[in-house]
Every structure is written in C-alpha cells, then in structure tokens.
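Enquirer: quick one: sequence plus predicted model below, questions after.
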Amino acid sequence: MALVRIALAGEGGQGVQSIAEILAEAAYNENQQALYIPNFGLEQRGGVSIAFLQFSDKRIGAPKFQKADIVIALSERAVARTISYSGAETLYVYDSSFKVEAEELPQQAKQIIALPAIDTANNELHPRVFNIIIMGAVIGLSNVVSFEAAKAALEHKLGYKFEKDPKLRELNFKALEIGREMAEKSLKEGVAINA
Amino acid sequence: MAVQAIPKSWYLPSKPHKFCPGCGHGIVLKALGEVIDELEIQDQVIFGCDIGCSLLSWNFFACDSTQTHHGRTTPVMVGIKRSRPELVCVGYMGDGGGYSIGSQHLLNSAVRNEKVTLILVNNTNYGMTGGQMAPTTLPGQKTETSPYGRDPELTGYPTMGPEFIAQLTPDSAYVARATVSKYKQLKKYIKSALRNQMEGNGFSFVEVLSTCPTNWRTNAQQTWNFLEDEMEKYFPVGELKTPFGKGDK
Amino acid sequence: MERVIGESKKSFMTGNEAAAWACLAAGADIMFGYPITPQNEIMHYWTRMAPKYGKGFLQTEDELSAGFTVCGGVQSGKKAFTATAGPGNVLMQEPFGMAEAMRLPLLAIIQQRGGPSSGTVVYSQQEVSLTTYGGNGEGHRIVYSTSTHQEIFDYIIKGFNTAWKFRFPVFILGDGYQAKMREPLEMYDPESRGIKMEEAYPLIGLGGKIGQDRGPSHLCNIYSLEEELYEVITKVQAEYDALAPQITEYDEKFCEDADIILVTHGVVSRAADDAVKALRAQGIKAGYFRPITLRPFPQQELRAAIAKSGAKKLLIAESAIGQLERLVKQEIYGETVKIETLFMPGVGIIESDLIDKVKSVL
C-alpha cells in the first residue's frame, strides 16, 4: 500500500485518539508500517485534539505532515483547526449536522464529504459509538486496514467490556459497519471539487 | 576538653588541616572522627562535602569521600543511599549550602525522611567566598554584603534550620542543634544522628554553631563571646527531635 | 543478569515506553527523575516495571536533584539514569558537569521540546548545543541522536555500555515526536543478540578494610591550582580524542556522486532519507549524511563524503536555527563546499520541505 496520511480531529472526550490508536495497532497487526502521533501538551488541554496517522508498506518518514490524504473533522472547531491540512488531493470529511458555511470549509480538497455520523449515532445506535462510526468511515474511505483487522483490534482493546456486556460488542461492530457503508456510499455519490 | 589521640578515621596525609586558626570546623570534624571510630563504621561511611569552607574537609577522613557542588551534597548523598542502603552517608555543608542554594534539597529530603545524616556548620556567613551575608547572619551583624549590619526589614531574619526541619519530619527523624563550645554534647548529637541512620529510622540532621574569626574579624576572646553570647542566645542549642529519648546516651 | 524480555518481541508503542523497556533490558538499576513533558512516560513505565524487577526509582524535588542523585547512584556503582527535556535539561547541566569532571558514566535521555524558556512541550531540535557542549566544561560527553523507536531501544542499550566502558556521561537525544509517537520496533535481551553488557563498578563504597586492604577513595572535582586542573582536563581531552574513533557513528547514502549532500540528524533524517530517494528518482543527484553521534562528531567521515562525491553544496536542515550547522562548521573547517541551510525551529521538517529547498538552491 502506498503511503496514506490521515488527520482525525475532534473535541476531548470524543474518542479521537482512541480510534487512532486502534487503527494504528490494527495496521501494525496486519504487518503494515504504521505511525501514530497525537498532538499533546498545552494545545490538547481544552483545545482541539488531533491524531496524525500514517500507513504504508514501507518505512514511514517524518512523523507529521502538512497535507493529509484524508481529514476528518468531528466538531465545528475542528473544521477551522484542520483546514490547513487539506490540499488538492485531500478527502475532507465533516459531520453533516455542523452549521458551517461553504466559505468556512477548505478551499482546497479533492472532495468534501458531509457524513451523518452524529445523527446516526444518536438516533440509530448510541452516542458513545460515534467514534466507532468514524473509525468505520476511515476504513470505508481508505482501506488502510481490513474490516476484520479493525474488528480484531476493537476486540483486543474493548474485549474486557464486551465480556461483561456482549450487546456492546454487537453495537460496536454494527457502528463500524455502518460507518464504513456510509463512507463508501458518499464516495460514490460525491462530486469532486477543485476550488 | 581533654586532649585525646587523633581519631583513627582521620586521614593523616591531609594533616595538618587547612582551616584558619580559631575556625570551628576542626572541632566538628574531630567529633565526627571520634564517633566514626566508636561506631566502627570507617569502612561503611561515605563522606560528602559541599563547596564553601566545608570543602576543605574533602580528604579529611580515611573514609570513601566525594566532593559535590555548592548546595548539592544532599542529593548526592540521597542518590548513594538510595542505590546502596548499606552505606552510611554523611553530608557535610555550611549554612549557605544547606539553607540557601541547597534549601530545596534539604527541605524535600527531610520531608521524604531520607535515611542520610547531614551536618550543617552555621558560622553566620559565607566564609570561603570572603564573608558575605548568609541566611544565618544575625540581625545587625556586619558582613561584606551587609556592611551596615543585617536589616531584617530588607533581608529577613536568620533561618532557624533545625526548627523548620523538625516541623517537616516524622518522629523517626533526628534533629538537633549543637555548638562547638559544648564538645561532649556535640559529639553525642553527631553520634545519635549517625545511629539514627544506621538503625534505618530516618532523616538525621545536626546544625552546629561554629566560629569564623577570620571573617568576623575577632580575636580569640571576641570570637568566643560572639558564639556564646550572641549566637547561642539567638539559636537555641538542644535536641528538637530524637527517637532515642532526650538525655539518652 | 535477568532476561526481562525473553524472546525478541515485535512491539508497537511510544518512544517513551520503548526507552523505559530499553533501560530495563540494559540492566539499569535505578532512575531518578522529575516530571517534564515530553519525557514523563519514561518515568511512568519505569515506575510500573521497577518493583517487579527489583529496580529503584525516586521522584526528586527538581532536575538539579535528579541529576545529582544520579551522580551519587553512579558513584556507588549502580547503573543510574534520568530523563528530561527543555528547562529541565538546562538545570541538569550542573550535575552533568560534575559527571564530566568526575567521569561518571550516567545515562540521560533527552526528549527535546521547543525553546527558549518554556517554549513548547511538543518538539524541537533546539537542545543540540546544550546537550553536546552545555555546562562550564569542554563537552567531554557522548551524545547519540536517535531517529526511530528501534534506535531509541538499540542506543540506550549501547549507551549504558559506552558509558561504563569509557566512563563518560552518555546522552540519548530524542525529541517530543519520538517520545509520543507510536511505531513498531523489535525489543530483545542484549545477551540474545550477543551483546555483552558492561558491569557497573563502584567508585566509592569499595568494601574491604581501609588502611589494611586499601586506601580511602577521595573523589575530586575542584582543584587548588590552575595547573592541576589544566593537567586533568588535558588528560581527559587526550583520552576522549583517542577513544572518539571507537565511539563515532554515522549513516551515509548516495554520496558517491552527489551534487548536494543533505546533512540532518535525529528524526529529521527520516524525511531526508525519503527526500534524497525522491530527488534521485527525479534525476537530481542528492546524497544523505547523518551524524548519529553528535559528540564525538563523525568529522573525518563527513569530510570523506564531501571529497569522494565532489559535492558543491551541503544542505543542513534542522528544527532549530543553526545548532547542527554550528557543529558541522566547526568540525569541517577548511572545506570549501558551500553550505545551504533550512532552519525550522520548533516544527517538524517533512520530505517536501527538503525537496523544495534542494531544487531552489541547485
């Protein structure tokens, strides 16, 4: 697999760093090279939490990057914070519930995608699996890890909770599946823009 | 004081020592040497000396010894003790090293009840650097950096070391203030401070009131008067905290 | 020595975690440390593992104390280490000076953050000058600049050995990115790779009866006379110079016919490696030179790379303003190769930054 660079950004507590870690570990377990670095320190406290992820079949170079292949902004603040990571080749993803004007979105992107992840989590699943929907969406957009590896990594990370409440496993796997389908669908329907 | 033989734990090639005539360091180090002999710990002692006049003791003993930096003897001793608890670590420092530049180490090692023994010589000034004001300089006392006398309005009152260390330490610590004018008591306190470490009880600290005729610019009588009439009145001598029971030998 | 890892183990973790494991695998006895970002997790992992393996830890009152307790631990014959960053590295220069003066083989892991002052807690390469030549001395120390988690692991193990073999303080110079990012590495017990770990030995607390078996050990770092100090420093310098060829390490690629050689260190060399390959693919003859030891510096090797390539230019790139550049200039004084620079203090440098810069100067 050629190098794929992903920036996930959201508010503290949305689980951005958790899914980044799970995705990176899943890729590592599939014998890929993976590199994950969070933003940390002062900016992270009360600011937007960003996870920088890179996947490749070759050794990965610099830990951060300026333009991502995929940017996913999980809050309105995160949209403003991540515009600079969007370039002419970037799939830029945000939630369709955000009240953002067109000029607040990146002027440069290969495609801008609005996913109904928050509504789906709240109305069809459970608010706590919002981040798992996003994790599924990353897979749907990029195939950086196989669906099976993602499930295995989730099991590895949350297995102790699943043991206590098997319904939770079902809920998480469903969220992963819905996220992937949502992303694949939007890719097909999407209109390429090049502003 | 009776004239006694030179302590076995002294290192003879470094004698005669280099302290000024009338300086109290020699008395403190004699007491320490005798205690090391009596406790038979010459081969277990690690002697660490600070920078300042206390440095002149760096090869005073036929014990394994290390120089450190100004104020940093305490952490070096803590590092050794934490790494090799079977050693008996004795830090030797002045009032500037202990109460000023190294005060954070003194305070925090006391709070942690580190199993080390610290001996701090209080002669109310920075001797090695030429007689500047120290944390222990008495109100009104003239030094090179308080030429009109220490003004507590500008520079505060003397640090009461054993008093604040006693507040910070648990009951297993040993805290005392001695004076070179009372040799038997001085020796007893140093011995208790070493025994307390050897028995694994806790932090052991002895401040010793001492003389500095060179920087005080005093003759023999004036020197002794300043120690007994001024210093010992301001800084009460005695044991502030002892697990052995006061008056115990 | 107890094997703490057993069979070689592929792992995916942060650099700080890898550092703690490496210290354990290297047989380190005790850590003294004080919290500062971005090195904290080295302490976190060490404190979790230490009791299980009979190892020591003390959280000191500040970095001065952490540095001096490490000095004491080493004097007593234990493999003692610390980790710090930024202002903590500044404070530790005082105890590091004592380690230089007394030849104390301590090991310190430095995870560089932004400066000056409190700077950022994130990343930089701005502690190069401080870590190589900090303090009131002559830089009698060994500094390894790592670029991957595998190297953090490898060079910590090697660093303990270099320290105790040659009796110089050793520094593992990482940065906040290396500290916090997760990537794969393979951990191992040194013995399983045929690496013999040097034994630690005491400088004081030597045992035996003083006066019968031996004399007292009096360790010294201050001298009465200028001439005494001169003699000691001159002797240490001569030893350092003589040992340097055994210690110096570097990495070099594509320098045989290079028109321009990229000189980088640490994490930036990952981007340089990619940039040089990309430039070659575009027909631009770029070379790659990376000092792994910043002290001692691979001076002869860099001069040789310049000579054999006939390169007209060096591009020195770093996340600082000229700290590596100054090292390079002093080491290759007299070379006529033109020096170009890319200075990005406190931020990462990526492949495209380097490619663009090379194209703009060729």
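Expert: Structure's in. What do you need?
Enquirer: can you verify residue A:159 is assigned to a helix?
Expert: Yes. Residue assignment for residue A:159, taken from DSSP: H, G, I helix; E, B strand; the rest coil, places it within a helix.
Enquirer: any idea how far residue A:177 is from it?
Expert: In this structure, residue A:159 and residue A:177 are separated by 18 Å, where distance is defined by C-beta to C-beta, to the nearest Å. From N, CA and C alone the C-beta is placed, and that goes for glycine too.
Enquirer: quick one, which of the two is more surrounded?
Expert: Under the criterion of other C-beta atoms under 10 Å in any protein chain shown, the comparison of residue A:159 against residue A:177 puts residue A:177 first, with 17 against 11.
Enquirer: which secondary structure state does that one sit in?
Expert: Assigned state for residue A:177: helix (three-state reduction, three-state DSSP).
Enquirer: so it sits right up against residue A:136, yeah?
Expert: Yes. Contact status for residue A:177 versus residue A:136: in contact at 6.3 Å, counting by C-beta atoms under 8 Å.
Enquirer: list the residues that contact both of those two?
Expert: Between them, residue A:177 and residue A:136 have no joint contacts when contacts are counted by C-beta atoms under 8 Å, 6 or more residues apart in numbering or on different chains.
Enquirer: any idea how many residues pack against the residue nearest to residue C:81 when sequence neighbours are not counted?
Expert: By the measure of C-beta to C-beta, 6 or more residues apart in numbering or on different chains, the closest residue to residue C:81 outside its immediate chain neighbours is residue C:107, 4.2 Å from it. In terms of burial, residue C:107 registers 27 neighbours under the definition other C-beta under 10 Å.
Enquirer: and the gap between residue C:107 and residue C:311?
Expert: 36 Å.
Enquirer: sorry, back to before: hmm, the residue nearest to residue C:81 is touching residue C:28, no?
Expert: Yes. A contact is recorded between residue C:107 and residue C:28 when judged using C-beta under 8 Å, the distance being 7.5 Å.
Enquirer: now do the shared contacts for those two.
Expert: Both residue C:107 and residue C:28 are contacted by C:79-81, C:160, under the criterion C-beta under 8 Å, 6+ apart.
Enquirer: any low-confidence regions in chain A?
Expert: Of all residues in chain A, those with pLDDT under 70 make up the ranges A:43-45, A:190-195.
Enquirer: quick one: furthest residue from the center of it?
Expert: Within chain A, the residue lying farthest from the chain centre (C-alpha atoms, centre = their mean) is residue A:164, at 27.1 Å.
Enquirer: for that residue, give me its contacts.
Expert: For residue A:164, counting by C-beta under 8 Å, 6+ apart, there are no contacting residues.
Enquirer: how near is it to residue A:158?
Expert: Taken as C-beta to C-beta, the span from residue A:164 to residue A:158 is 10 Å.
Enquirer: now residue C:112
Expert: Counting by C-beta to C-beta, the separation of residue C:112 from residue A:158 is 35 Å.
Enquirer: looking at the two, which one has more neighbours?
Expert: Using other C-beta under 10 Å, the more surrounded residue of residue C:112 and residue A:158 is residue C:112, with 33 against 16.
Enquirer: give me every residue that touches the more buried one.
Expert: For residue C:112, the contacting residues are C:85-86, C:89, C:123-127, C:173-176, taking C-beta under 8 Å, 6+ apart as the criterion.
Enquirer: and if you look at residue A:177?
Expert: For residue A:177, the contacting residues are A:136, A:147, taking C-beta under 8 Å, 6+ apart as the criterion.
Enquirer: if you set the cut-off to 7 Å instead, what comes out?
Expert: With contacts defined as C-beta atoms under 7 Å, 6 or more residues apart in numbering or on different chains, residue A:177 is in contact with residue A:136.
Enquirer: now the one 3 residues further on
Expert: With contact taken as C-beta under 7 Å, 6+ apart, residue A:180 is in contact with A:136-137, A:139-140, A:147.
Enquirer: quick one: buried residues of stretch A:148-156?
Expert: A:149-154 (16 or more other C-beta atoms under 10 Å in any protein chain shown).
Enquirer: wait, which of these is closest to residue A:188?
Expert: Distances from the buried residues of stretch A:148-156 to residue A:188 were compared by C-beta to C-beta; the smallest belongs to residue A:150, at 20.9 Å.
Enquirer: for the closest one, give me phi and psi.
Expert: When read as degrees, to the nearest 10, the backbone of residue A:150 gives phi -60, psi -40.
Enquirer: among the contacts of residue A:180, which pair sits farthest apart?
Expert: Spatially, the most separated pair among those is A:137 and A:147, at 12.3 Å (C-beta to C-beta).
Enquirer: of the two, which one has the most company?
Expert: When neighbours are counted by other C-beta under 10 Å, residue A:137 comes out ahead of the other of residue A:137 and residue A:147, with 25 against 16.
Enquirer: report the secondary structure state of that one.
Expert: Of the three states, residue A:137 takes helix under three-state DSSP.
Enquirer: please apply the same query to the one 3 residues further on.
Expert: Per three-state DSSP, the local secondary structure of residue A:140 is helix.
Enquirer: apart from its neighbours in sequence, what residue is nearest it?
Expert: Ranked by C-beta to C-beta, 6+ apart and with sequence neighbours excluded, the top spatial neighbour of residue A:140 is residue A:183, at 2.9 Å.
Enquirer: about what we covered before: I'd like the contacts of residue A:180 as CSV, with distance to residue A:55 appended.
Expert: Listed next are these as CSV, based on distance: C-beta to C-beta, whole Å:
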residue, distance to residue A:55
A:136, 16
A:137, 15
A:139, 11
A:140, 15
A:147, 15
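Enquirer: quick one: the strands in the chain?
Expert: Just so you know, I chose chain A. When assigned using DSSP state E, the strands of chain A occupy the ranges A:4-11, A:33-38, A:48-56, A:70-73, A:91-95, A:111-115.
Enquirer: try chain B instead
Expert: Using DSSP E, strands in chain B cover B:45-49, B:64-67, B:88-94, B:117-122, B:125-126, B:132-133, B:174-179, B:204-209, B:238-241.
Enquirer: adjacent strands (with direction) for the third one?
Expert: Counting by DSSP bridges, the strands paired with strand B:88-94 are strand B:45-49 (parallel), strand B:117-122 (parallel).
Enquirer: unless I'm mixing things up, residue A:95 is touching residue A:115, no?
Expert: Yes. Using C-beta atoms under 7 Å, residue A:95 is in contact with residue A:115, at 6.2 Å.
Enquirer: turn the strands paired with strand B:88-94 into JSON lines, including mean pLDDT and mean neighbour count.
Expert: As requested, the strands paired with strand B:88-94 are exported to JSON lines (pLDDT from 0 to 100; neighbours: other C-beta atoms under 10 Å in any protein chain shown):
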{"stretch": "strand B:45-49", "mean pLDDT": "98", "mean neighbour count": "27"}
{"stretch": "strand B:117-122", "mean pLDDT": "98", "mean neighbour count": "28"}
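Enquirer: can you lay out these as JSON lines showing distance to residue C:57?
Expert: Output for the strands paired with strand B:88-94, formatted as JSON lines (distance: least, C-beta to C-beta, whole Å):
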{"stretch": "strand B:45-49", "distance to residue C:57": "21"}
{"stretch": "strand B:117-122", "distance to residue C:57": "23"}
